[in-house]
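*Asks:* one predicted model, sequence on top.
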Amino acid sequence: MSPNSFQIVEETSDAIDEVNQLKGRLWDSEAQFSKDKNAAEFRQYLDACDRVKLFYKEQHADYVTAKQTLDFNIEIRKRFEKLNHAEMGIWEAMELLNTMQDDSDPDVRSSLRFLVLQELMRNPGQTSVTQIEHLLQTAEAIRRDGKPEWMQVVGLVHDLGKLLATFQPEGQWAIVGDTFPVGCQFSEKNIYPDTFASNPDFNNKQLMTECGIYTPHCGLDNVLLSWGHDEYLYLVLKNQCTLPQEGLWMIRYHSFYPWHRENAYRQLCNEGDQRALAAVQAFNPYDLYSKSDDPVDPEKLKPYYMGLINKFFPEKLRW
């Protein structure tokens, strides 16, 4: 994927984040830094920009290429489960992700993303941040609230799954966006639920029951979520780090909005998923609300975060 193509992915990802914003000292204590954010303005999908609506229409339903279907999700995991696409450390991965953004126009006021922000946030003074800056802003917000080191690390790495853009030919529909289970009935709590009507799975009567291929309360560990950067990073890290389970849940489920925000898909959850839900809800404000925080200096922060990286990860990981 070319730098310009990745910029399009990022602009869509940023737009999705802004839409998710428009609705609204233990690791699971209330996030202090976001208390002054206007939660009443968040997640107003009816006012979302056409870019986001078109993205979800493409992701949810496409007879021609059969995108986020059960079959696609089974096959894509076979392609990536061997983790044989690259070998690199965490900071190296952060720097690679950073180079994938086209910085030829750093002022968001003259970029497509500004049109999204202007419509959604009515804030023409907003400026863009690089990938590495967003990761560090998220980690720093968690750090300022006195959360444990492992949660700071989660903030630092949570979007590294976007490196999918370098490893797969599929477009942005297989990288970013809210996630949802495949192999069962699509919930009305999903974003733009009407767009699923053209998904090939929609007319499969065996799949379109409340639980579909799953047994009731099987647990989310046993559920296939739509493929994207969350699922990929979870696949990479689950056997290559010492993060606690709560951290892995934060990574895997932070885009699963129909579940952690809208209370959907509870028929698939078991008792253990309540712990996962608490973890994701504790993390979510840091991901959503930190992008407009004060600028960060990656080189100044690198020694601190390299110390944390060395605590939780090997020198090189398989991707």
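*Replies:* Received it, and whenever you're ready, just let me know what you need.
*Asks:* when you work out contacts or count neighbours from here on, use the C-alpha atoms and nothing else.
*Replies:* OK.
*Asks:* so where is the stretch 1-150 of the chain shaky, pLDDT-wise?
*Replies:* 1-11, 14-15, 17-53, 55, 60-66, 101-128 (pLDDT under 70).
*Asks:* cool, and the stretch 201-319 of the chain?
*Replies:* In the stretch 201-319 of the chain, residues with pLDDT under 70: 291-293.
*Asks:* can we see that at 50?
*Replies:* Along the stretch 201-319 of the chain, segments meeting pLDDT under 50 are nowhere present.
*Asks:* that one: strands as residue ranges?
*Replies:* Here the stretch 201-319 of the chain has its strands, by DSSP state E, counting those that start in this stretch, at 317-318.
*Asks:* where along it do the helices fall?
*Replies:* 229-237, 245-253, 257-260, 272-289, 298-312 (DSSP state H, counting those that start in this stretch).
*Asks:* okay if I get the ones you listed as TSV plus mean neighbour count and distance to residue 205?
*Replies:* As requested, these are exported to TSV (neighbours: other CA atoms under 10 Å; distance: least, CA to CA, whole Å):
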stretch	mean neighbour count	distance to residue 205
helix 229-237	22	26
helix 245-253	23	27
helix 257-260	21	22
helix 272-289	19	27
helix 298-312	13	44
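*Asks:* quick check: the gap between the residue nearest the centre of the chain and residue 132.
*Replies:* The centroid of the chain falls nearest to residue 255 when counting by CA atoms, centre = their mean (4.5 Å). Going from residue 255 to residue 132 by CA to CA, to the nearest Å gives 19 Å.
*Asks:* same check, this time on residue 200
*Replies:* 37 Å.
*Asks:* so which of the two has more stuff around it?
*Replies:* Neighbour totals were compared for residue 200 and residue 132, and residue 132 leads with 24 against 19 (other CA atoms under 10 Å).
*Asks:* tell me which helix or strand that one sits in.
*Replies:* Here residue 132, judged by DSSP states H and E, is contained in helix 131-144.
*Asks:* show me what counts as buried in that helix.
*Replies:* 131-143 (16 or more other CA atoms under 10 Å).
*Asks:* name the nearest of these relative to residue 233.
*Replies:* Distance to residue 233, by CA to CA, is smallest for residue 135 among those, at 14.2 Å.
*Asks:* show me the contacts for that closest one.
*Replies:* Counting by CA atoms under 8 Å, 6 or more residues apart in numbering, residue 135 makes contact with 155, 156, 157, 158, 159.
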